[in-house]
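Engineer: pasted the sequence and its predicted model underneath.
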Amino acid sequence: MYKVLVSDPISDMGIQMLYDATDVEVVKQSGLSEDELIAIIGDYDALLVRSQTKVTEKIMSAGTRLKVIGRAGVGVDNIDLEAATKRGIIVINAPDGNTIATCELTFAMMMSTARMIPQAYKKTVGGEWDRKFIGVELRNKTLGILGMGRIGSEVAKRAKVFGMEVIGYDPFLTEERAEKIGVKLGTVNEIVAQADFITVHTPLTPETRHLISKPQFDIMKKGMRLINCARGGIIDEMAMVEAIEQGIVAGAAFDVFEVEPPQQDHPFLNNPKVIVTPHLGASTIEAQENVAIDVSEEVLHILRNEPFKNAVNLPPVPANVLNILQPYFGLGEKIGSILGQIAQGAVYEIVVNYAGDLIDVDTSPLTRYIVKGVFEKQLEGLNIVNAMHLAKSRDVNIVVQKSNTSNSFTNLVTVTVKTKQEEKTLAGTLLAGYGERIVRIDQYPVDFAAEGNLLLISHNDKPGIIGRVGTLLGTNNVNIATMQVGRKVIGGSAIMVLTIDKSAPSNVLDELSEQAEIVNVRALTV
Ligand SMILES: NC(=O)c1ccc[n+]([C@@H]2O[C@H](COP(=O)([O-])OP(=O)(O)OC[C@H]3O[C@@H](n4cnc5c(N)ncnc54)[C@H](O)[C@@H]3O)[C@@H](O)[C@H]2O)c1
Ligand SMILES: O=C(O)CC[C@@H](O)C(=O)O
């Protein structure tokens with residue numbers, strides 16, 4: 001039974017599939033301190049959070065069973081990603097579910113600051129009939145958008161409908177895409193100098209921290225308005241207060257703050273020109289359901305060892321590449337696992353060669369599976385998230401090569417593992433109608449499905465040896481399911497690959513090794 005802890009308020013409707021899963025027990029406990037979380041996290045396989053829970057390194061190290069942290073939302077700045085990656089904890093988010101909610105809040109904030117709705121409301125309910133709130137229209141105004149990802153692009157579309165001119169900046173925004181959504185491209189400073197309204201929709205990174213600060217306020221159009229529904233810190237709060245005092249900024253609307261919640265004496269809180277909300281961008285019924293559904297689905301996949309898509313601490317794999325690579329993941333992992341078990345000594349280099357169909361795509365996700373396979377019997381807590389990290393931290397060199405030809409195979413994955421003592425090579429392919437096949441061990445051609453208990457016996461190709469191995473295993477009640485012999489030349493060195501129904505006891509392996517003409521015996525499980 002997998003145990004999932006939900007430590008922030010997350011939509012019950014959205015996580016219904018977790019409640020319904022017969023292999024999952026869900027515990028909801030919000031508002032825990034770091035120490036309280038540390039005390040209980042060891043019992044859980046998954047942790048689900050929004051933005052309140054700060055998932056620190058200490059919490060992760062106490063979470064000895066933790067496989068996945070699910071963030072019901074976009075930003076993962078409340079999760080120590082480096083610590084998660086080191087421990088092989090997969091971090092997933094729900095990047096799409098709250099785009100519209102946040103875009104609509106941005107629009108509401110823009111209109112509120114243009115028409116001073118909250119300020120007028122406050123006076124009206126306070127008994128004052130003040131009709132001096134003269135606002136501005138959006139039509140014919142220029143909106144600058146910094147960050148044209150999911151939310152920024154949706155804001156742009158709506159701004160166009162309101163008759164606004166939109167200028168955008170995003171290092172990944174191409175001219176074609178900008179043209180398609182009717183946005184002019186500009187630099188940060190060009191936008192700052194021209195815009196009547198500016199809204200930011202970037203993540204908070206070292207590059208975006210204080211993206212709008214004193215130098216930008218100095219060149220801003222007087223009387224402009226600013227909106228931040230992304231992350232606190234993208235706009236320099238103190239520099240903005242000064243810009244309001246200087247009449248540069250006529251109004252601002254902030255949903256997010258450098259420190260959340262802001263201190264009671266934060267200068268925004270009693271400034272009549274600044275509208276504030278308590279990080280409500282994603283707070284709609286629809287968005288909360290969407291993100292909870294997305295994250296629950298992914299958590300279930302991860303707990304059940306099924307493919308998943310939104311891991312934040314793994315490089316993204318485009319769907320078309322994933323479609324090509326996914327069938328090879330199992331094969332790659334098995335090749336790695338066999339090599340990891342048969343190679344004697346500490347591995348210092350893994351050389352992977354991809355041939356045939358595989359040469360045209362980025363094969364790095366497949367390389368992760370191979371590397372994971374090599375070390376899986378040696379390193380506890382290893383998974384595809386931390387496999388490369390753990391290999392590199394042990395100074396293992398990973399070399400990836402690609403070749404056009406693959407002899408007679410349409411696709412071929414060949415892996416060589418090097419230790420100080422020896423080099424071992426295995427090649428495998430996906431054969432139409434036969435699935436995953438291992439087709440080469442060192443220099444010997446073979447053909448078998450790597451499954452269950454295997455015996456690899458290196459020997460000299462002499463008459464009677466196969467019979468002796470069969471008899472010895474039979475008399476010790478070890479049933480042989482399949483047998484393959486690979487050799488280069490008659491009478492030369494050869495390899496025998498046996499799949500056996502149960503693992504052979506060590507005395508049987510010793511007896512086998514002592515047989516004349518047998519060079520070595522290696523038993524492994526795949
Ligand atoms: N207020 C809320 O409740 C709320 C809700 C959802 C998302 N958010 C935040 O909104 C922001 C945007 O979310 P999204 O889903 O659109 O993310 P996204 O990843 O789709 O878009 C972010 C964009 O910012 C761009 N970017 C990165 N560095 C930049 C830079 N230096 N200058 C300009 N652009 C840069 C990226 O290229 C990307 O296109 C994130 O910070 C997210 O955490 C807030
Ligand atoms: O309400 C939340 O969970 C925060 C939402 C938002 O900041 C996000 O990054 O998705």
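Structural biologist: Arrived safely, thanks for sending. Ligands and ions are numbered 1, 2, ... in the order given.

Engineer: secondary structure element for Glu104?
Structural biologist: Counting by DSSP states H and E, the element that carries Glu104 is helix 99-115.

Engineer: who are the packing partners of that helix?
Structural biologist: helix 150-161, strand 197-200, strand 224-228, strand 249-254, strand 274-276, helix 285-303 (3 or more Cβ pairs under 8 Å, 6 or more residues apart in numbering; DSSP states H and E). No exception for glycine: its C-beta is placed from N, CA and C like everyone else's.

Engineer: out of these, which is closest to Asn477?
Structural biologist: With Cβ to Cβ as the measure, helix 285-303 is the member of the helices and strands packed on helix 99-115 nearest Asn477 (37.4 Å).

Engineer: kindly report the residues of this structure close to ligand 2.
Structural biologist: Proximity of the chain to ligand 2 is assessed by Cβ under 6 Å from any ligand atom, with Arg50, Ser51, Gly73, Val74, Gly75, Asn98, His279, Gly281, Ala282, Ser283 identified as the residues in range.

Engineer: 8 Å - rerun?
Structural biologist: Listed as neighbours of ligand 2 in the chain under the rule Cβ under 8 Å from any ligand atom: 8, 50-52, 71-77, 93-94, 98, 102, 231, 256, 279-283, 288, 291.

Engineer: leaving out sequence neighbours, find the closest residue to the residue of the stretch 251-400 of the chain at minimum distance from ligand 2.
Structural biologist: Among the residues of the stretch 251-400 of the chain, Ala282 lies closest to ligand 2, at 3.7 Å counting by Cβ to the nearest ligand atom. Take Ala282 and drop its neighbours on the chain: the residue closest to it by Cβ to Cβ, 6 or more residues apart in numbering is Asn98, 3.7 Å away.

Engineer: wait, the one you found touches Val74, no?
Structural biologist: Yes: assessed by Cβ atoms under 8 Å, Asn98 is found in contact with Val74 at 6.6 Å.

Engineer: common neighbours of those two, please.
Structural biologist: In the contact map built from Cβ atoms under 8 Å, 6 or more residues apart in numbering, the residues linked to both Asn98 and Val74 are Ala282.

Engineer: please pick the buried ones from the residues of the chain next to ligand 2.
Structural biologist: For those, a burial check counting by 16 or more other Cβ atoms under 10 Å picks out 8, 50-51, 71-77, 93-94, 98, 102, 231, 256, 279, 281-283, 288, 291.

Engineer: quick one: which of those sit in helices?
Structural biologist: Thr102, Gln288, Val291 (DSSP state H).

Engineer: between the residues you listed, which is nearest Thr199?
Structural biologist: Of all these, the one sitting nearest Thr199 is Thr102; the distance, using Cβ to Cβ, is 10.7 Å.

Engineer: residues contacting that closest one?
Structural biologist: If you count contacts by Cβ under 8 Å, 6+ apart, Thr102 has them with Ile151, Cys229, Gly281, Ala282, Ala287.

Engineer: would you say Tyr19 is within a strand?
Structural biologist: No: in this structure, Tyr19 is helix, not part of a strand, as judged by DSSP: H, G, I helix; E, B strand; the rest coil.

Engineer: Asp11 contacts Ala292, doesn't it?
Structural biologist: For the record, residue 11 is Ser, not Asp. Yes: contact status for Ser11 versus Ala292: in contact at 4.3 Å, counting by Cβ under 8 Å.

Engineer: and those two? which has more neighbours close in?
Structural biologist: Neighbours per residue, other Cβ atoms under 10 Å: of Ser11 and Ala292, the larger number sits with Ala292, 27 against 19.

Engineer: ok, now which ones touch the more buried one?
Structural biologist: With contact set as Cβ under 8 Å, 6+ apart, Ala292 has these partners: Ile10, Ser11, Met13, Gly14, Ile15, Ala72, Ala94.

Engineer: could you dump those residues to CSV with distance to ligand 1?
Structural biologist: Below are the contacts of Ala292 laid out as CSV (distance: Cβ to the nearest ligand atom, whole Å):
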residue, distance to ligand 1
Ile10, 14
Ser11, 15
Met13, 19
Gly14, 16
Ile15, 19
Ala72, 11
Ala94, 10
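
Engineer: any low-confidence regions in this structure?
Structural biologist: 380-381, 405-407 (pLDDT under 70).

Engineer: in it, which residue sits closest to ligand 1?
Structural biologist: Closest approach of the chain to ligand 1 (Cβ to the nearest ligand atom) occurs at Gly149, with a separation of 1.8 Å.

Engineer: contacting residues for that residue?
Structural biologist: Gly149 sits next to Asp170, Phe172, His201, Thr202 when contact means Cβ under 8 Å, 6+ apart.

Engineer: now those residues in TSV, with secondary structure, distance to Val274 and neighbour count?
Structural biologist: Supplementary listing: the contacts of Gly149 in TSV, determined by DSSP: H, G, I helix; E, B strand; the rest coil; distance: Cβ to Cβ, whole Å; neighbours: other Cβ atoms under 10 Å:
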residue	secondary structure	distance to Val274	neighbour count
Asp170	coil	26	19
Phe172	coil	31	8
His201	coil	19	28
Thr202	coil	21	22
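
Engineer: out of the contacts of Thr102, who's near ligand 1?
Structural biologist: Among the contacts of Thr102, the ones lying close to ligand 1 by the criterion of Cβ under 8 Å from any ligand atom are Ile151, Cys229, Gly281, Ala282.

Engineer: ok, those vs Gly251, which is closest?
Structural biologist: Lowest distance from Gly251 to these (Cβ to Cβ) belongs to Cys229, with 14.6 Å.

Engineer: and the contacts of stretch 124-135?
Structural biologist: Counting by Cβ under 8 Å, 6+ apart, stretch 124-135 makes contact with Ala114, Arg115, Met116, Gln119, Ala120, Lys123, all of which sit outside it.

Engineer: what's the most distant pair in the contacts of Gly149?
Structural biologist: Taking Cβ to Cβ as the measure, the contacts of Gly149 span a maximum distance of 12.6 Å, between Phe172 and His201.

Engineer: now for these two: what residues contact both?
Structural biologist: Among the neighbours of Phe172, those also in contact with His201 (Cβ under 8 Å, 6+ apart) are Met148, Gly149.

Engineer: ok, back up a step: if I look at the residue of the chain closest to ligand 1, how far off is Gly168?
Structural biologist: Separation of Gly149 from Gly168 (Cβ to Cβ, to the nearest Å) stands at 10 Å.

Engineer: again, but for Ile244
Structural biologist: Distance from Ile244 to Gly168, counting by Cβ to Cβ: 25 Å.

Engineer: could you check which of those two has the larger neighbour count?
Structural biologist: More neighbours sit around Gly168 than around the other of Ile244 and Gly168, counting by other Cβ under 10 Å; the figures are 24 against 20.

Engineer: my guess is that one contacts Gly152. True?
Structural biologist: Yes: under the criterion of Cβ under 8 Å, Gly168 lies in contact with Gly152, with a separation of 6.8 Å.

Engineer: joint contacts of the two?
Structural biologist: Shared contacts of Gly168 and Gly152, defined by Cβ under 8 Å, 6+ apart, comprise Ile145, Leu146.

Engineer: same for the helix or strand where Val417 lies, what does it pack against?
Structural biologist: When elements are assigned from DSSP H and E, Val417 belongs to strand 411-419. In terms of contact count using 3+ Cβ pairs under 8 Å, 6+ apart, strand 411-419 is assigned the packing partners helix 319-342, strand 347-356, helix 364-375, strand 423-431.

Engineer: right, and these - which one's nearest Gly491?
Structural biologist: Across the helices and strands packed on strand 411-419, Gly491 has its closest neighbour in strand 423-431 (22.6 Å, Cβ to Cβ).
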